[in-house]
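Got a sequence here, can you model it:
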Amino acid sequence: MTGSADRAGSPTRWLVAAGALLACCYIWHAWSAYYVSDDGYIALRYVKNFVEGNGVVYNPGERVEGYNNFLWIILIATVRYLLPGADFLLISQVLGTLFGVLTIFLLIRFSRQIRTDYWPFALFAAAFVAAHPGLAAWATSGLETTMFAFLLLLAACCYAHWLRTGRGFLLSPVVFALAALTRPDGGLLFAATGVHLFFWERKRTGRWMSSGPFLWALAFAAIYVPYFLWRYDYYGYLLPNTAYAKVGSTVDQFRRGWDYLRSYLLTTGSWFLVIPILLLLVRRKRQAWFDYFSLLVAVHWIYVIYVGGDGLAFFRFLAYTAPLFYLLAQESLAGLYYRIADSFPSWRGWRLAVPSLLVAVLLLGVTMRRSVVPLVFPEQARWYEPHSGLHFPLSDEGKTYPWFDNYFVERLAIAARWLEANTPPDAVIASTPAGSIAFHMNRTVIDMLGLNDVHIAHSPGAFRNAPGRGRAGHEKGDGRYVLSRSPDYILMGNVAVLPFPIDEAKMESKLVLKSEHEIWDEPAFHRDYELVSVRLADRGLFQYFTFYRKKAASTQVQQENNGGRP
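Got it, this is the predicted structure:
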């Protein structure tokens, strides 16, 4: 990956200045997109209960691990403790943006360490991260995406530093432990690194057994095992409840995961970058870290295929290893540049630098067309959401909703505030969306999707169709079970807060997921619950809140005497 071409050095101040510029671009990108996810509010519901002394729970008194981002929850709770009264979502957004900025500077630092010659290549990976739609959008979502991406990159860089210098051997397992506390996927990439270490030590020492890998794994276990024992004792299961709710093991699921990866490569233009990476992998001379990073990306992509991808926006799962992937692409393109420069000495200097820069800008533009361009020219990215009947981006009553999800969490929050003000404290509400609706009120919520419900998550028959044929993470439900818990309110139609009230026929057309359809098909539901529409405002998007309320006992007895007729 080096050659005899004339290569210019780089003063550190230029890299710092370029990094600061890219960081500013990233901050603009993230906050211009300003994507907010309902799943982010699920994590914030756990933070809120923890801060209020109820434990790390979704509903007080119910120990369900409906999250997979423990360290993220603890970090937000810690900041909230230090800054009482600070907005939970804002804390998560500032932290998410900060980790994105740290990722950019870490990429530049690592690139400078491995590239002491032609310095502009040290900015390539950082520029792609600044333009990456997933790493920008999920920074403000309320979830741990950028934190996990940063920790994975830091752990990999620490390990690569040891491969190159022999120093800092125990740094990477410590950081991998923090990554595994942030998301379970971190444990998988730790295991992949352990396999790499085992064979690396075998090659270096000539022995199959040595103390190095054992000490390395022990450093990880010293942090992770106490946490694992606590969570197993606290929740009672080996895996988070979300894993049982989301993951099956079928060919359909694997096919959906492959389609998810393929769509990502095509949408972001990353398939252009796969080609030079593969070309470099078939060469004999490569730096050790390159093979290692390739292993991590390959293992994670296979894992994403196995779990069937993700049902949320902006390819969240593949954003985790995007910084590693871009480092591989950066060094692959640098290698091609050097080979051309060495083969054609007359092309040195601007004759090769200018075309290389144009190619880099072109590749970057492919990524930007799905992220930055719609922010600058929103009319080019207008789209229609059929269930709400609205076009996005959308402005209403002085507020702008660039994405459906931003509008969606607002409408759930409005429903939650009404329920908080108009229901008794012991009321039980059943809902399919489980984030914003639960965070914005202090009521027990039955998560009809099962992420925060043990029964639905662990029921093998809770899938609507064969696992893998529906939207990832949104396939399970159990309508009869929900009715057996006798909720006081059931929010159908994806929580119907709309400009108009909904009657029975219209509500049926808005049913989406398994629990809703099964509840609707139960005669007991129509016998025991009544449709209610309340007026919330005189104008705007959120005028009526339509839901089902449990009938009074006298009304139910009267209907039974009338043969079920009202």
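
name the element L265 belongs to?
Using DSSP states H and E, the element containing L265 is helix 251-267.

Only the buried residues of that helix, if you could.
By 16 or more other C-beta atoms under 10 Å, the buried positions in helix 251-267 come out as Q253, F254, R256, G257, W258, Y260, L261, Y264, L265, T267. Every C-beta, even on glycine, is put in place using the N, C-alpha and C of the backbone.

Now distance to A552 too, for these, in JSON lines please.
Shown next, in JSON lines, are the buried residues of helix 251-267 (distance: C-beta to C-beta, whole Å):
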{"residue": "Q253", "distance to A552": "45"}
{"residue": "F254", "distance to A552": "50"}
{"residue": "R256", "distance to A552": "45"}
{"residue": "G257", "distance to A552": "48"}
{"residue": "W258", "distance to A552": "52"}
{"residue": "Y260", "distance to A552": "48"}
{"residue": "L261", "distance to A552": "53"}
{"residue": "Y264", "distance to A552": "52"}
{"residue": "L265", "distance to A552": "57"}
{"residue": "T267", "distance to A552": "52"}
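
Now the element after the helix holding L265, going C-ward?
Per DSSP H and E, the first helix or strand lying C-terminal to helix 251-267 is helix 271-281.

Who are the contact partners of the closest residue to F105 other than its chain neighbours?
Once flanking residues are discounted, F105 sits nearest to G19: 5.3 Å by C-beta to C-beta, 6 or more residues apart in numbering. Contacts for G19 (C-beta atoms under 8 Å, 6 or more residues apart in numbering) come out as I104, F105, I108, L123, A126.

For the secondary structure element (helix or strand) that G19 belongs to, buried residues please.
Using DSSP H and E, G19 sits in helix 12-33. Neighbour-count burial for helix 12-33 flags L15, A18, G19, L22, A23, C25, Y26, I27, H29, A30, A33 (criterion: 16+ other C-beta under 10 Å).

Walking through the protein, point out its strands one by one.
Assigned by DSSP state E, the chain shows strands spanning 383-385, 390-392, 394-396, 399-401, 428-431, 444-447, 489-491, 496-498, 529-535, 544-550.

and the angle for the last one with strand 529-535?
The one in question is strand 544-550. Angle, strand 544-550 to strand 529-535, by axes from the mean of the first three to the mean of the last three C-alpha atoms, to 10 degrees: 150 degrees.

Summarise which helices and strands strand 544-550 is packed against.
Under the contact criterion of 3 or more C-beta pairs under 8 Å, 6 or more residues apart in numbering; DSSP states H and E, strand 544-550 touches helix 404-422, strand 489-491, strand 496-498, strand 529-535.

Give me the sheet partners of the second one and which way each runs.
The reference is to strand 489-491. strand 428-431 (parallel), strand 544-550 (antiparallel) (DSSP bridges).

next one: the third one
In its sheet, strand 496-498 lies beside strand 544-550 (antiparallel), with partners assigned from DSSP bridges.

which other residues reach the strand it pairs with?
Here strand 544-550 has contacts from 414-415, 418, 486-493, 495-502, 507, 525, 528-536, using C-beta under 8 Å, 6+ apart.

how far out from the middle of the chain is it?
Chain-centre distance of strand 544-550: 31 Å, with C-alpha atoms, centre = their mean, to the nearest Å.

give the contact list for the closest residue to N442 other than its chain neighbours.
The shortest distance from N442 to any residue other than its chain neighbours is 6.6 Å, reached at E420 (C-beta to C-beta, 6+ apart). By C-beta under 8 Å, 6+ apart, the contact set of E420 is H440, M441, N442, R443.

now do 10 Å
A427, H440, M441, N442, R443 (C-beta atoms under 10 Å, 6 or more residues apart in numbering).
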